[in-house]
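# The sequence and its predicted three-dimensional model are supplied below.
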Number of protein chains: 6
Amino acid sequence: MRPSRRASDAMRSVTLERGVSRHAEGSCLVKFGDTHVLCTASLEERVPPFLKNSGKGWVTAEYGMLPRATGERMRREASSGKQSGRTLEIQRLIGRSLRAVVDLQALGERQITVDCDVIQADGGTRTASITGGFVALHDCLAWMEARGMVKREAVIRDHVAAISCGISKGEAVIDLDYLEDSSAETDANFVMTGRGGIVEIQGTAEGAPFSEAEFGELMALAKAGIAGLVEMQKAAIAAPLP
Amino acid sequence: MRPSRRASDAMRSVTLERGVSRHAEGSCLVKFGDTHVLCTASLEERVPPFLKNSGKGWVTAEYGMLPRATGERMRREASSGKQSGRTLEIQRLIGRSLRAVVDLQALGERQITVDCDVIQADGGTRTASITGGFVALHDCLAWMEARGMVKREAVIRDHVAAISCGISKGEAVIDLDYLEDSSAETDANFVMTGRGGIVEIQGTAEGAPFSEAEFGELMALAKAGIAGLVEMQKAAIAAPLP
Amino acid sequence: MRPSRRASDAMRSVTLERGVSRHAEGSCLVKFGDTHVLCTASLEERVPPFLKNSGKGWVTAEYGMLPRATGERMRREASSGKQSGRTLEIQRLIGRSLRAVVDLQALGERQITVDCDVIQADGGTRTASITGGFVALHDCLAWMEARGMVKREAVIRDHVAAISCGISKGEAVIDLDYLEDSSAETDANFVMTGRGGIVEIQGTAEGAPFSEAEFGELMALAKAGIAGLVEMQKAAIAAPLP
Amino acid sequence: MRPSRRASDAMRSVTLERGVSRHAEGSCLVKFGDTHVLCTASLEERVPPFLKNSGKGWVTAEYGMLPRATGERMRREASSGKQSGRTLEIQRLIGRSLRAVVDLQALGERQITVDCDVIQADGGTRTASITGGFVALHDCLAWMEARGMVKREAVIRDHVAAISCGISKGEAVIDLDYLEDSSAETDANFVMTGRGGIVEIQGTAEGAPFSEAEFGELMALAKAGIAGLVEMQKAAIAAPLP
Amino acid sequence: MRPSRRASDAMRSVTLERGVSRHAEGSCLVKFGDTHVLCTASLEERVPPFLKNSGKGWVTAEYGMLPRATGERMRREASSGKQSGRTLEIQRLIGRSLRAVVDLQALGERQITVDCDVIQADGGTRTASITGGFVALHDCLAWMEARGMVKREAVIRDHVAAISCGISKGEAVIDLDYLEDSSAETDANFVMTGRGGIVEIQGTAEGAPFSEAEFGELMALAKAGIAGLVEMQKAAIAAPLP
Amino acid sequence: MRPSRRASDAMRSVTLERGVSRHAEGSCLVKFGDTHVLCTASLEERVPPFLKNSGKGWVTAEYGMLPRATGERMRREASSGKQSGRTLEIQRLIGRSLRAVVDLQALGERQITVDCDVIQADGGTRTASITGGFVALHDCLAWMEARGMVKREAVIRDHVAAISCGISKGEAVIDLDYLEDSSAETDANFVMTGRGGIVEIQGTAEGAPFSEAEFGELMALAKAGIAGLVEMQKAAIAAPLP
């Protein structure tokens, strides 16, 4: 029995709340159970130096955690003067995942920054960030489309969503919360598109190594879970913005 | 007429939502109109070096803004590698203000850190932080009292709340939003206790200098406004925690 | 009786020595008793990015303390790798205070940086910095006027000076030295112009909150004190440069 | 045909040169073709704070590149003042991979730091670092065993090695050099033990998403390649130290 | 003819003013012409980690320049966030030079920090710092002797002073000011003891290389110059403290 | 008898291996006994800001040590976030030394960066870096000459090499290894050109001060030693590149 009493293939309750920021061009408060991430997409009329005069745009992401998003207060990264390796690793993953479904040429020479700030953490913050970040990015492009700047469908070629899976007490399970994650033997994150293509796979043995068969079980769970998340994204963006 | 069509002595709609963080010992989401600040109070069983073995505790505050809390996205301080002078100035003010009503001896050798993170900004973030931070601090002490660690009333000697006032188009007004604040001739912040004592005054001429009479008008507005905020704090903490 | 045996409205001996730097366009060594601050005004033919091509200039200030300006040696900020919140707060205050009497349009697209370096500290360094910084700034503009670059009187519209006041042992007193400042119940800094307009007010309760009446007493002391300082500034700049 | 004219399952020439550092307790210069990494293992009689008095030791890794290891000179990280996200990500991966085969209890309360410094880069530096880092770590433990500090076999439970695979021009290939890596559609890194257990999997779509079947091809290549690398490690450590 | 019209072996006017700091245990304002350096010696009852429980003390130095000590304003190192290589090099030189005449065992487990802050620069700041720093250090030890902490003569074994020499327009000259220094072909700094022993030599060809004979001429100038400086130090410390 | 059993004027075995980097325009692995430094020269088509549009180029150097180049592992400077004073001092010395034999006008508006990375340290790393760095610089210019960019002989006007000397157990000796260096009474570094001109002299008393006569002995040793090093450089660059 999982600590949360969920079935091995049952995700936590997921919600995607759009339009939560007064200022951002697109925004989404994503909740996977007690994990809450505020995603905002900000449009800027500039690109990184390596894209100057290329006609191509850029999508990037930044990730942060409020100091008391966690069970023990963590030191504020702004105060310690640098972002941890974990933070940098996660924001690079989010950025790569979102760019995987974006046509940077169609975006034009502009940058969209997706900020994913963890308001409350209970495991799975990086996969929640990708799933919610996509919605914020979509709404930013809808905002741009409404102003005649781009064709949204030309820029966003597919959905992208992500989920964590793991092996806990010998069993493959989906969407681990913090408690389960802390004791899991294997931890894996999957990022896939709406059409089922794989964008990113990360699997780590926390204790004993895992086998190819076990990894196959995790991937099967992830495929089903991500398909469900993509449906939720579609339902969310089909509704009018609040 | 003020841009918000409010009367000169009318504050924005203020709400104080307690118990918003699953992890923090005390928390409060404070809203002054479109300014939203998440305040969490975190208890730690340690004190700064200068208080080691003194028997006294410490209350401190940290302040931050999500990058897109503002109209234009601001650079993430964790990424730029240092906190701005403005951030440091504000968090020092919040800490001093809260300590003004705390008996550090009665707290015992522990530290409470009040994190004030601006989710959305529309002027008055520092005064909202103080007002909401007090509620988070209070709830942290209630949490401690429930565990027999302190007597809450011995530690918190009074309420403390804060409001901004300013002179805009020649008129003294209270609780300026961003639009009004940007063009105000004089900007002042007041921090006062429940019994009406003054804890902190900061007044700045943004354009022409101001007179003692004008400053008196601002203080009169502030006294009435803060009295109202203290009433709201009392009502909020009288209710059971959600 | 004050520790310094001064009357409650008696300032320390104040001197303003001009022309103390061989290199700076304007300079002033200001002494308030044992508090000594070297102020230099440096002209540069550039402006901050936000003023590029605006036709307007900028006046800014930087503040520092020699490591052994104080009773205990303090760590050198250049060595610790960052300026403290206190330093940033003070230099922002000095800059705002000086700009309050400057016509940036009349200055033209140039920057004047007023460096205030505390050679020896005994309380009141920020107010001494403003008072002496004004003289350095004035002499920089006189230097520019002599070269036909500006009309000094068009750029500097008024005098500006500052003083600290406080409530010590229940009595309102002016110009606190370090000993008195350390034990004062309330500490306040006032910045005013030659015509008596208020530019900046900062009042802080170090112990018990203070009342509006007490604050009024501090302001009365400050008005008289600053009027005296402005007279000293006038006398100083009326003399020929050494 | 691959740019290097290798068959799709052919690795570059790999060498593992032991005992290359006069000072380090263990060292290995690993070459995968033109990728050369110097790995040193350094023993220290201390552990990170979170392991103090736990009786357990720690194995960690650091990664760096000489500025001109690459085709274009890169800025020295010591000079820019921080390690890039890529560097932090890689050194975390190396550390996790090595710890996967180490019994930290049997190591005792000591730390071994494996430094992997890229002398020359031509793709696959992180997988070369893991493969060579294992040999350096092994020799450090042999050094300790010779001094009666540990039983090497009790500490190192298995071999660990790593290889990169990718999809290039539609074909699954192993051990990509820089040229091939730059244009590959999918890039994956595999870390496995001597007994074939999986320690870490990282797969990234650089262009179009990849399918589960494609990923299976990459894993098959990796399993064979890593088995070969483990044989080379065994041969290398079977020989007497030079 | 030198720009300053001095003879090749003529130093600038040198003064050593003691007791200039109210707080420091020892202090000296040293002037070599228009080069003015404030030296303070601060006693602290602690030592660097490598001397803990060794019974030995430490003497160290820090060096800084006020931003407008120079002809063009230089960026404040506290603001740029790091000390330049030049600053670090100079303060290491000053520390080594002072330690050369100190018996660290006789000092006991304490640290003296000599801060050398350049108030105004006109060439030769490092050699002025050593010459004046010695006097501040001496007075700190006299202060300690007066309190029975050390025997000054047991701690300070000799005098130490320093001078710069150079080859300018083909001629060996002593004590170059900024103008002469900027165009000199060779620049050298000498640190010697009261008994004529050499503590440190640094010679640099700024343009063409120099010969051993030329270097001999510089050393001869330096020996005479430093002998004169030591006499001035003796005279200065023979007088009662002001 | 020296610890290494060498005669007082005997250097360690020195080798200069060219063409060791696949990527760099020039490279040299220099060994002085167990001191091994990898020197690479990198050409960039840009110059520092102060040379923009001057028609002149720049030669600069950077220095680093692998963390376990030394007997005890040293903290990685990239991880500590800053280069030590020792590192900055050494790289400034290397850069000055190389520039002493370069005609920056003839180089044209380009920069060559010579990176000197210590793979293994056993004393004398800075002098080995200069000696080997010259060969890397030479080969970079040969590379440029082969592409018609410069005339090598117009840019490099002479050889430059360096050696350390010291007084150990009362005797003047050349080319100290770490063991000898640690206990030497006096430590000196000499940089000279192929024609015997002196570029840089640095002498430091580690214990008792030294005399002019002793310094003369060190210089005599250095002159002979550097003449030998220049011969080795000539032999090395006369051979065809491997």
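That came through, no problem. Here the structure is a predicted model, which means the values were calculated and not measured.
# what's the longest helix in chain A?
helix A:212-238 (DSSP state H).
# Mind listing what's buried along that one?
Within helix A:212-238, the residues that qualify as buried are A:214-215, A:217-219, A:221-223, A:225-226, A:228-230, A:232-233, A:236-237, counting by 16 or more other Cβ atoms under 10 Å in any protein chain shown. In this view, the C-beta of every residue, glycine as well, is placed from N, C-alpha and C.
# which of the residues you listed are close to chain D?
A:215, A:219, A:223 (Cβ under 8 Å from any Cβ of the partner chain).
# export those to JSON lines and tack on distance to chain B?
Compiled in JSON lines, those are given as follows (distance: Cβ to the nearest Cβ, whole Å):
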{"residue": "A:215", "distance to chain B": "32"}
{"residue": "A:219", "distance to chain B": "31"}
{"residue": "A:223", "distance to chain B": "30"}
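# count of neighbours near the residue in chain A that chain F sits nearest to?
Nearest to chain F, among the residues of chain A, is residue A:82, at 7.7 Å (Cβ to the nearest Cβ). Neighbours of residue A:82 under the rule other Cβ atoms under 10 Å in any protein chain shown: 18.
# ok, it - contacts?
Residues touching residue A:82, when contacts are defined by Cβ atoms under 8 Å, 6 or more residues apart in numbering or on different chains, comprise B:78, B:81, D:82, F:81.
# possible to save these as TSV with secondary structure and distance to residue F:65?
Conversion of these to TSV gives the following (DSSP: H, G, I helix; E, B strand; the rest coil; distance: Cβ to Cβ, whole Å):
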residue	secondary structure	distance to residue F:65
B:78	helix	30
B:81	coil	25
D:82	coil	19
F:81	coil	16
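# Among those, which one lies nearest to chain E?
Closest approach between those and chain E, by Cβ to the nearest Cβ: residue B:81, at 8.4 Å.
# and the closest residue to the closest one other than its chain neighbours, how many residues sit next to it?
The shortest distance from residue B:81 to any non-neighbouring residue, by Cβ to Cβ, 6 or more residues apart in numbering or on different chains, is to residue A:81 (5.2 Å). Taking other Cβ under 10 Å as the criterion, the count of residues near residue A:81 is 17.
# mind checking how far residue A:81 is from residue C:81?
When Cβ to Cβ, to the nearest Å is applied, the distance between residue A:81 and residue C:81 equals 8 Å.
# Then residue A:69?
Between residue A:69 and residue C:81 the distance, using Cβ to Cβ, works out to 28 Å.
# Residue A:86 too?
Taking Cβ to Cβ as the measure, residue A:86 falls 23 Å from residue C:81.
# mind listing the strands for chain A?
Counting by DSSP state E, chain A forms strands over residues A:14-18, A:26-32, A:35-44, A:58-65, A:111-120, A:160-168, A:171-174, A:186-193, A:198-205, given from the N-terminal end onward.
# Render the CA-only coordinates of the second one in CSV, please.
Extracted as CSV, the C-alpha positions of strand A:26-32 are listed here (Å, rounded to 0.1, in the frame of the first residue of the first chain):
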residue,chain,number,x,y,z
GLY,A,26,0.4,34.0,-19.6
SER,A,27,0.2,32.3,-16.2
CYS,A,28,-0.9,29.0,-14.6
LEU,A,29,-1.0,27.9,-11.0
VAL,A,30,-0.5,24.1,-11.2
LYS,A,31,-1.2,21.8,-8.3
PHE,A,32,-0.3,18.2,-8.1
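# So what touches that strand?
For strand A:26-32, the external contacting residues (Cβ under 8 Å, 6+ apart) are A:11-21, A:36-41, A:119, A:122, A:124, A:127-129, A:131-133, A:135-143, A:175, A:236, B:68.
# try stretch A:142-157
Stretch A:142-157 is touched from outside by A:25-26, A:43, A:101-103, A:106-108, A:137-138, A:141, A:237, A:241, with contacts defined as Cβ under 8 Å, 6+ apart.
# what's the lowest-pLDDT member of those residues?
Checked by pLDDT, these have residue A:241 as the lowest-scoring entry (89).
# I'd guessed it sits against residue A:19; true?
Yes. With contact taken as Cβ atoms under 8 Å, residue A:241 and residue A:19 are classed as touching, separated by 4.7 Å.
# can you list residues touching both of the two?
residue A:139.
# between these two, who's got more neighbours?
residue A:19 (15 against 11).
# any idea which of the contacts of residue A:82 is the one closest to chain C?
Distances from chain C to those, taken by Cβ to the nearest Cβ, are shortest for residue F:81, at 8.4 Å.
# where does the closest one fall, phi/psi-wise?
For residue F:81, the backbone dihedrals are phi 90, psi 0 (criterion: degrees, to the nearest 10).
# pLDDT score for it?
The model reports residue F:81 with a pLDDT of 87.
# tell me the contacts of it?
Counting by Cβ under 8 Å, 6+ apart, the residues that residue F:81 touches are A:82, D:81, D:82.
# where's the most far-flung residue of chain A relative to its centre relative to residue C:52, distance?
Relative to the average C-alpha location in chain A, and by Cα atoms, centre = their mean, no residue lies farther out than residue A:53, which sits at 29.7 Å. With the distance defined as Cβ to Cβ, residue A:53 ends up 22 Å from residue C:52.
# Could you do residue A:116 as well?
Relative to residue C:52, and taking Cβ to Cβ, residue A:116 is found at 34 Å.
# more crowded one of these two?
Each of residue A:116 and residue C:52 had its neighbours counted (other Cβ under 10 Å), and the higher figure belongs to residue A:116 (26 against 9).
# residues touching that one, list them.
By Cβ under 8 Å, 6+ apart, the contact set of residue A:116 is A:37-39, A:61-64, A:91, A:94, A:125, A:129, A:132-133.
# Out of those residues, which are close to chain D?
residue A:91.
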